[in-house]
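Asker: the following block contains a protein sequence and its predicted model.
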Amino acid sequence: MYDLLNTISSPDDLKKLKPEDLIVLSNELRQFIIDVVSCNPGHLGASLGVVELTIALHYVYNTPY
């Protein structure tokens, strides 16, 4: 269900992905957030709105340093 997301444990793992895989990862991460919030109360909108931004920042910059 979360094929790419399950392979990510650090920003270094994210940087090994091809740019086209980042779209798939964004979709998986968005679905994961929806699945978690559907079982547990929480705010959904803000989390879904920054998925691509967060992935891009970690992909481009040397994070978390």
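Answerer: Received the coordinates, thanks.
Asker: from here on, just use CA atoms for contacts and neighbour counts.
Answerer: Will do.
Asker: list the buried ones in the helix or strand harbouring residue 59?
Answerer: According to DSSP states H and E, residue 59 maps onto helix 51-60. Within helix 51-60, the residues scored as buried using 16 or more other Cα atoms under 10 Å are 51-52, 55-56, 58-59.
Asker: just want the most central residue of the chain.
Answerer: For the chain, the residue nearest the mean C-alpha position is residue 29 (4.3 Å; Cα atoms, centre = their mean).
Asker: got the contact list for the helix or strand of the chain with the lowest mean pLDDT?
Answerer: Lowest by mean pLDDT, DSSP states H and E among the helices and strands of the chain is helix 45-49, with a mean of 88. With Cα atoms under 8 Å, 6 or more residues apart in numbering as the test, helix 45-49 has contacts from 30, 33.
Asker: that helix: which residues count as buried?
Answerer: In helix 45-49, counting by 16+ other Cα under 10 Å, buried: residue 48.
Asker: export it as CSV, just CAs?
Answerer: Presented in CSV, the C-alpha positions along helix 45-49 are these (Å, rounded to 0.1, in the frame of the first residue of the first chain):
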residue,chain,number,x,y,z
GLY,A,45,-6.1,20.3,5.8
ALA,A,46,-2.7,21.8,6.8
SER,A,47,-1.0,18.4,6.7
LEU,A,48,-2.2,17.7,3.2
GLY,A,49,-1.3,21.2,2.0
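Asker: ok now that helix, how far from the chain's centre?
Answerer: Between the centre of helix 45-49 and the centre of its chain there are 12 Å (Cα atoms, centre = their mean, to the nearest Å).
Asker: sounds good, over and out.
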